[in-house]
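>>> got a predicted model here, sequence first, then my questions.
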Amino acid sequence: MANLNVEFMGLSLKNPIVVGACTLSATAEGAKELERAGAAAIVYKSLFEEQIQMEQAQLTDELDEYADRNAEMTSIFPTIKHAGPRAHLMRLSEVKKAVNIPVIASLNCVYDVTWFDYAKKLEEVGVDALELNFYQMPASVDKTAEQMEDEKVEIVKTLKERLSIPFCIKLSPYYTNTLNFVNRLDQAGASAFVLFNRLFQPTIDINTESHVTKFNLSHQGDFNLGLRYVGLLHKKIKASLCGSNGIYTYEDVLQMLLSGADIVQMVSTLYKNKPSYIAQVLSELEKWMDDKGYKNIDEFKGKLSDNALKASDVYYRAQYLDFILHPEEIINKYPMR
Ligand SMILES: Cc1cc2nc3c(=O)[nH]c(=O)nc-3n(C[C@H](O)[C@H](O)[C@H](O)COP(=O)(O)O)c2cc1C
């Protein structure tokens, strides 16, 4: 029978399916259910800068250092009912104690000081690794891409010095040269990359003429951009790679592994199909490997990466060249009306 064990940023995992940050693992019971279904590890939901600042606002109103930030945060997030960081750390600790699989804590901050303080606080809870959620909207037209990237590289360098557990970066795809940025973060000490983060985008209700926030799950196949970058990065950086966003089935998992991912994260499919669906994906994965005669994942991981394909341009082409050079083939295959 196929062996599904994998290594991810120094953690030994029993299979490549990790539950991404979400509310399914927010309680000890939820986490145990995911563990029973076969999840190899879980990422606990993120602790956000806003939660930290709002608790600071309540606790340290008198501190000038926080006064401006608090005023801004409270007006931007007036109705958020997040638990503060103290409650977050306590619940994370309960989840960590409830399961035997690795637990990864997630952090999304704005200010250097909060990145450093809270990465350390999360580590002290006893988690196995951290996930740094590097989503940041460019808020000023004057700030250059290089300045924004430099700030993140410095954060990674400092965290590498201060933390003793591994940490991965969950990245958005919106960088001018994502490969270069990943390479810089890799050299700065990141242990792994999660490609990519799924970001909420604004939506307007034309009847009420106001903005609405919708609870949107991903769609199957949203992972193709991540697949491209996993394929391009496999064996070209030291860090491990995790595919994410729109991975629903065992076929999707296999696409990511063939491209060069060490593991995948799943979230939306588990909301739609329930946590027990992990067991089905694992048995289908195992059957595919048995049918193909693969004894372990290393035997086919990265088989279709840029590094393995050598002269292929499959990861570099993003235009309809085939259609231009061979229109008759495409028209025969997909007749147009
Ligand atoms: C209900 C819900 C809560 C989420 N919470 C977080 C979070 O706290 N931190 C985070 O980085 N991502 C969070 N995400 C994003 C997921 O971790 C994941 O990146 C995204 O859903 C794409 O993966 P998927 O296609 O498998 O759903 C959340 C997603 C959902 C649906």
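Noted; the coordinates are in hand. The model shown is predicted, which means the values in this text are computed figures rather than measured ones.
>>> which pLDDT value belongs to residue 334?
Per-residue pLDDT puts residue 334 at 69.
>>> kindly report the residues of the stretch 151-300 of the chain close to the ligand.
170, 197-198, 217-218, 222, 244-247, 266-268 (C-beta under 6 Å from any ligand atom). Heads up, the C-betas are built off the backbone N, CA and C, glycines and all.
>>> now for the residues you listed, which pair is the farthest apart?
170 and 217 (17.2 Å; C-beta to C-beta).
>>> who has more neighbours, these two?
Between residue 170 and residue 217, counted using other C-beta atoms under 10 Å, the more crowded position is residue 170 (26 against 15).
>>> helix, strand or coil for the nearest residue to the more buried one once chain neighbours are set aside?
Using C-beta to C-beta, 6 or more residues apart in numbering and skipping the chain neighbours, the partner closest in space to residue 170 is residue 194 (4.0 Å). Put simply, residue 194 is strand when judged by DSSP: H, G, I helix; E, B strand; the rest coil.
>>> residue contacts, residue 194?
20, 131, 168-171, 242, 244, 265 (C-beta atoms under 8 Å, 6 or more residues apart in numbering).
>>> 10 Å instead, please
For residue 194, the contact set (C-beta atoms under 10 Å, 6 or more residues apart in numbering) comprises 18, 20-21, 43, 104, 106, 131-134, 168-171, 226, 240-245, 261, 263-265.
>>> now the strands for this structure?
Remark: strands assigned in the chain by DSSP state E are 6-8, 11-13, 17-22, 41-48, 103-108, 129-133, 167-171, 192-195, 203-205, 210-212, 240-243, 263-266.
>>> okay if I get those strands as TSV plus mean pLDDT?
Output for the strands of the chain, formatted as TSV (pLDDT from 0 to 100):
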stretch	mean pLDDT
strand 6-8	98
strand 11-13	98
strand 17-22	97
strand 41-48	95
strand 103-108	97
strand 129-133	97
strand 167-171	98
strand 192-195	98
strand 203-205	92
strand 210-212	92
strand 240-243	98
strand 263-266	98
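>>> would you list those strands in TSV and tack on distance to residue 56?
As requested, the strands of the chain are exported to TSV (distance: least, C-beta to C-beta, whole Å):
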stretch	distance to residue 56
strand 6-8	34
strand 11-13	32
strand 17-22	23
strand 41-48	13
strand 103-108	16
strand 129-133	19
strand 167-171	23
strand 192-195	28
strand 203-205	31
strand 210-212	27
strand 240-243	32
strand 263-266	30
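>>> of all those strands, which lies closest to residue 253?
Of these, nearest to residue 253 by C-beta to C-beta is strand 263-266, at 5.2 Å.
>>> how far is that closest one from where the chain is centred?
8 Å (C-alpha atoms, centre = their mean, to the nearest Å).
>>> mind listing the helices for the stretch 151-300 of the chain?
178-188, 224-233, 250-259, 268-273, 277-292 (DSSP state H, counting those that start in this stretch).
>>> adding mean neighbour count, write the ones you listed out as JSON lines.
Below are the helices of the stretch 151-300 of the chain laid out as JSON lines (neighbours: other C-beta atoms under 10 Å):
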{"stretch": "helix 178-188", "mean neighbour count": "17"}
{"stretch": "helix 224-233", "mean neighbour count": "22"}
{"stretch": "helix 250-259", "mean neighbour count": "22"}
{"stretch": "helix 268-273", "mean neighbour count": "18"}
{"stretch": "helix 277-292", "mean neighbour count": "17"}
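>>> correct me if wrong: residue 117 contacts residue 89.
No - with contact defined as C-beta atoms under 10 Å, residue 117 does not reach residue 89; the gap is 11.8 Å.
>>> neighbour count for the two, which is higher?
A count of neighbours by other C-beta under 10 Å puts residue 89 above the other of residue 117 and residue 89, at 17 against 14.
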